[in-house]
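Student: Sequence first, then the predicted structure:
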Protein chains: 2
Amino acid sequence: MDNLTSPTLADIRAAAARIAPYARVTPVLTASALDARVGASLFFKCEDLQLGGAFKFRGACNAVWSLSDAEARRGVVTHSSGNHGAALALAAKTRGIPAHIVVPEGAVAAKLANIERAGGIIHRCAPTQAAREAECAKVQQATGATLVHPYADARVMAGQGTVVLELLRQVPGLDVVLVPVGGGGLASGCAIALAALAPGVPLWGAEPAGADDAWQSLQRGERVTGVQPDTICDGLRATIGVPNLALLREHRVEVIPVDDAAILSAMRLLWAELKQTIEPSSATVLAAALAQRGRLAGKRVGLVLTGGNVDLDAVQALLTRVRP
Amino acid sequence: MDNLTSPTLADIRAAAARIAPYARVTPVLTASALDARVGASLFFKCEDLQLGGAFKFRGACNAVWSLSDAEARRGVVTHSSGNHGAALALAAKTRGIPAHIVVPEGAVAAKLANIERAGGIIHRCAPTQAAREAECAKVQQATGATLVHPYADARVMAGQGTVVLELLRQVPGLDVVLVPVGGGGLASGCAIALAALAPGVPLWGAEPAGADDAWQSLQRGERVTGVQPDTICDGLRATIGVPNLALLREHRVEVIPVDDAAILSAMRLLWAELKQTIEPSSATVLAAALAQRGRLAGKRVGLVLTGGNVDLDAVQALLTRVRP
C-alpha cells in the first residue's frame, strides 16, 4: 500500500495489528431512552474514549508506524485545526519522533491544548486552505517531515477502518452503520471494511447541512469544492477528499444532511442519556438516525461517536439553545 | 439475611447473581491526563453508565428481587429526591410491581424525570426528613408496600457491594478504593466486599465538606445528625445511616471531606478528560484523590463514579465557575 491508492481489507487488518499496542478498543454503549426515540436498537461506538479523545488516533498511529526508520526520524507534519493534529502528535510521541502541526487561527481551545499536551510543534497560519497548505509545504521543505494528510491518505483511511473491525466484533447482526462525514477519511475506511466483512450492510454518512459538500458532490456527480462551511461541527468543515469521494461513490454510501438545530438537540440527548461529553460532530449520527426513524424501525444500528473534545466554556450556549 | 443485619460477602455474591439479568457490568475507564494530575494510576468505575444512570439500581434491584411473591405484589415504597427513587422504580418495573416514590420539593429535574419515565408513582412532600417519613408511612399503610430504604437496608447495601466485586475482577492489584459517602449504603457494601476479598486494601470515603456528618461522626465517635447540608452534591446530602456508620467504623473507612470548589473543579476535569457527564456527587472521589496526592503517589487507585444524572441546564453555572 502506498499512501495514494485505496486501502484494502488486508491493509485495515494490518493497521489494526500495527496500532493495537497503542490504541484503545473503545466500548460500545447503549441507552434504552435513545432506542425508544428512534424505535431501533442503537449501538454507539465511543471513540470519544479513544486515546486523544477522538477516532483520529487510529489513522495517525497507523501512518506513523507505517514509516521506515529513516522517514520516521525526520518526523511528520500535517495541517489540522483539531483532532487529527492532536492525534498525530500523540502518535508521533509513541514512536519518539517530532510532529509539526500547522494550526489555522480560530481552532477550538480544547483541541489546541491537546496538541500542545501531546508535544506537537505548533505552526500558526491564516484560516484558509491555501495558507494551511503553504505553511505545511514550508515545514516539509525545512525538516523533511512526511506529510500525513487528515483524510486523503490510504494509511489514515486504513487506520480509521479499524473502527468497523471492532464494531462488527462487538455487535453481531447490525443492519446499518452511521458515521459522520467531513473529509471522508472515516467513511472511506469504514465503507471498505463493511463491504468486505458485512456485504449488504449499508454505510450512511451524516453530514452537517451547513457543510454538505459530500452530499452535493454525490448529487451532482462531481466534487463540489465551493461550499463555505457554516456549522457548529468544527470537526466536519473540511471538503470531501478526492479519493474519499471516489470511495463513497464506489461503496454507495448514502449521505444524510442534518442541520445544526437537529445536531444540537441530538448532542444534548447524548450528554443526558449516554452520559458522554461528545463534541457536536459526533451528534450528527444520532440526528441522522432520528431524521430517518421510519427507515430504521426495528433495526440494529451502529453509530460511531467520533470524538469528545468539546469546549466546555461554550457548552451552555450550545446546550441551552435546545430542549429535545 | 433480613434487612436490618449487616450483609456478608455471601449476601453480596447472591445479590450479584440476583441482579445479573437486569444490571450492567459497567466499564472501567482511564485517562492519562488525570493520572498525571494525581501522580497515580486511576481506574474509574463508571456507574454513570449503570441502568438509570447511577449505582443505585444495584441495591434497588437486589431489594426488589429479594421479596417473596406475596410481598412483591403489594409493591415497594421509598423516599428519595433522586437516583434511589428512579432506581427503585426501574427495578420494580423489571418485576412488574408498583413503586411508590415519595419525593420532597426541590429535587433535580433530571432525576424526577427519570422516576416518572421508569413508571414510578410519585408522592410529593415537604423537603424535611419528618415529612418524608410521614408520607412514606402513609403510603405503606394504604398499600402494604415494602419500604426499601435508600441505604439503611441490608439488601440495598449488598446490592451496592457488587460494585467492588466487579471492580476487583476488572482491575487487579488495586492499592486503595474511593467511593462517595452520603447515607453510606455504597460505602457499607463496598467495605464488606473489600475486607473479604482484598483484605488490607483500604476504602476511603469522599464526603462534601458541606455535608460532612459521616466525617464528624467518625471524629466524635457518635452519630452526628444536626448537620444542615450545604453542598452542590444533591446525591450526598443524606445523614449517614445507623448501620452504615457502624460498618464504616468496623472497617476503618477513612472519610475525606472535600469542599464544593474542589468538587466542581474535579467535575470539570472528569467531563473534559474522561468524557463522562457525571453529576457533582461523583466528582468527590477525584477531588479527594487530588487532595491526597501525596499518599497516593505511584499507587493503583479505584474510584467509583456514582452517577451521571446532572441537570444540563444548570451546567454552565457549575462548569464555568471553575477552571482547573
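Tutor: Arrived safely, thanks for sending.

Student: residue contacts, residue A:217?
Tutor: Residue A:217 makes contact with A:223-224, A:240, A:245 under the criterion CB atoms under 8 Å, 6 or more residues apart in numbering or on different chains. Where you see a C-beta, it was placed from the backbone N, CA and C, and this is true even at glycine.

Student: quick one: which helix or strand includes it?
Tutor: With secondary structure defined by DSSP states H and E, residue A:217 is part of helix A:213-220.

Student: Check the stretch 1-150 of chain A for the residue nearest chain B and tell me.
Tutor: Among the residues of the stretch 1-150 of chain A, residue A:48 lies closest to chain B, at 4.5 Å counting by CB to the nearest CB.

Student: Surely that residue is within a helix?
Tutor: Yes - counting by DSSP: H, G, I helix; E, B strand; the rest coil, residue A:48 is located in a helix.

Student: Quick check: residue A:144 touching residue A:77?
Tutor: No - if you go by CB atoms under 8 Å, residue A:144 and residue A:77 don't touch, sitting 9.6 Å apart.

Student: Stretch A:284-298 near chain B anywhere?
Tutor: No - on the criterion CB under 8 Å from any CB of the partner chain, stretch A:284-298 is out of touch with chain B, staying 15.0 Å away.

Student: Pull out the buried residues from the longest helix belonging to chain A.
Tutor: Determined from DSSP state H, the single longest helix within chain A is helix A:154-170. Neighbour counts using 16 or more other CB atoms under 10 Å in any protein chain shown place A:154-168 of helix A:154-170 among the buried residues.

Student: shaky segments in the stretch 201-324 of chain A?
Tutor: For the stretch 201-324 of chain A, the stretches with pLDDT under 70 are A:316, A:320-324.

Student: Within range of chain B, give me the residues from it.
Tutor: Within the stretch 201-324 of chain A, the positions near chain B by CB under 8 Å from any CB are A:268, A:271-272, A:275-278, A:308, A:312-313, A:315-316, A:319-320.

Student: which of those residues lies closest to residue A:54?
Tutor: In terms of CB to CB, no member of these lies closer to residue A:54 than residue A:308, at 7.3 Å.

Student: Tell me the spacing between that closest one and residue B:272.
Tutor: Going from residue A:308 to residue B:272 by CB to CB, to the nearest Å gives 9 Å.

Student: Show me which of the two is the more surrounded one.
Tutor: Neighbour count, other CB atoms under 10 Å in any protein chain shown: between residue A:308 and residue B:272, residue A:308 has more, with 27 against 22.

Student: Wait, the more buried one touches residue A:275, no?
Tutor: No - at 11.2 Å, residue A:308 does not count as touching residue A:275 under the criterion of CB under 8 Å.

Student: on that earlier part again, just the closest of the buried residues of helix A:154-170 to chain B, please.
Tutor: Once CB to the nearest CB is applied, the member of the buried residues of helix A:154-170 that ends up nearest chain B is residue A:166, at 14.4 Å.

Student: buried ones in the helix or strand containing residue A:113?
Tutor: In this assignment (DSSP H and E), residue A:113 forms part of helix A:109-117. Within helix A:109-117, the residues that count as buried by 16+ other CB under 10 Å are A:110-112, A:114-115, A:117.

Student: Kindly reformat these as TSV containing pLDDT and distance to residue A:299.
Tutor: What follows is the buried residues of helix A:109-117, written out as TSV (pLDDT from 0 to 100; distance: CB to CB, whole Å):
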residue	pLDDT	distance to residue A:299
A:110	79	34
A:111	83	34
A:112	87	39
A:114	87	35
A:115	92	38
A:117	91	40
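
Student: ok so, going back, so which residues make contact with the helix holding residue A:113?
Tutor: A:52-53, A:81-83, A:85-86, A:89, A:101, A:103, A:122, A:234, A:309-313, B:33, B:272.

Student: List the buried residues in the helix or strand just after it.
Tutor: Counting by DSSP H and E, the next helix or strand C-terminal to helix A:109-117 is strand A:121-125. Residues of strand A:121-125 classed as buried: A:121, A:123, A:125 (neighbour count, 16+ other CB under 10 Å).

Student: and the next helix or strand after strand A:121-125, how far from the chain's centre?
Tutor: Downstream of strand A:121-125, the next assigned helix or strand under DSSP H and E is helix A:129-143. Offset of helix A:129-143 from its chain centre (CA atoms, centre = their mean, to the nearest Å): 23 Å.

Student: now do stretch A:202-213
Tutor: Counting by CA atoms, centre = their mean, stretch A:202-213 is centred 12 Å from the centre of its parent chain.

Student: Can you mark which positions in it are buried?
Tutor: Applying 16+ other CB under 10 Å to stretch A:202-213 flags A:202-213 as buried.

Student: before we move on, what about stretch A:137-149?
Tutor: Within stretch A:137-149, the residues that count as buried by 16+ other CB under 10 Å are A:139-140, A:145-149.

Student: Between the two ends of stretch A:113-131, what distance do you get?
Tutor: End-to-end distance for stretch A:113-131: 22 Å, by CA to CA, to the nearest Å.

Student: where do the strands sit along chain A?
Tutor: Under the criterion DSSP state E, chain A contains strands at A:28-29, A:41-46, A:76-79, A:99-104, A:121-125, A:146-147, A:176-180, A:203-208, A:254-258, A:300-305.

Student: Any chance of TSV for the ones you listed, columns distance to residue A:135?
Tutor: Shown next, in TSV, are those (distance: least, CB to CB, whole Å):
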stretch	distance to residue A:135
strand A:28-29	39
strand A:41-46	33
strand A:76-79	7
strand A:99-104	5
strand A:121-125	4
strand A:146-147	12
strand A:176-180	26
strand A:203-208	26
strand A:254-258	30
strand A:300-305	30
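
Student: so what's residue A:65 closest to, chain neighbours aside?
Tutor: Nearest residue to residue A:65 in three dimensions, chain neighbours excluded: residue A:18, at 4.8 Å (CB to CB, 6 or more residues apart in numbering or on different chains).

Student: With residue A:184 instead?
Tutor: residue A:244 (2.9 Å).

Student: Next up, the contacts around the residue nearest to residue A:65.
Tutor: Contact partners of residue A:18, counting by CB under 8 Å, 6+ apart, are A:61-62, A:65-66.

Student: Neighbour count and pLDDT added to these, as TSV?
Tutor: Listed next are these as TSV, based on neighbours: other CB atoms under 10 Å in any protein chain shown; pLDDT from 0 to 100:
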residue	neighbour count	pLDDT
A:61	31	98
A:62	33	98
A:65	19	98
A:66	23	98
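
Student: Select from those every entry located in helices.
Tutor: Going by DSSP H, the helices hold A:61-62, A:65-66 from those.

Student: Verify the stated contact: residue A:75 with residue A:143.
Tutor: Yes - here residue A:75 reaches residue A:143: they are 5.8 Å apart, a contact under CB under 8 Å.

Student: Quick check: neighbours shared by these two?
Tutor: Residues touching both residue A:75 and residue A:143 by CB under 8 Å, 6+ apart: A:98, A:100.

Student: quick check: domain ranges of chain A?
Tutor: Domain assignment for chain A by automatic domain parsing gives A:9-54+A:153-319, A:57-147.

Student: could the ones you listed go into a markdown table alongside distance to residue B:22?
Tutor: Shown next, in a markdown table, are the domains of chain A (distance: least, CB to CB, whole Å):
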| stretch | distance to residue B:22 |
| --- | --- |
| domain A:9-54+A:153-319 | 12 |
| domain A:57-147 | 34 |
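
Student: so which of those domains comes closest to residue B:177?
Tutor: Among the domains of chain A, the nearest to residue B:177 by CB to CB is domain A:9-54+A:153-319 (21.4 Å).

Student: Can you tell me which of the domains of chain A is nearest to residue B:229?
Tutor: For the domains of chain A, the distance to residue B:229 is smallest for domain A:9-54+A:153-319, at 24.9 Å, taking CB to CB.

Student: For the closest one, measure first residue to last.
Tutor: Terminal residues of domain A:9-54+A:153-319 are spaced 39 Å apart (CA to CA).

Student: Please state the offset of stretch A:285-295 from the chain centre?
Tutor: Averaging C-alpha positions (CA atoms, centre = their mean) puts stretch A:285-295 19 Å from its chain's average.
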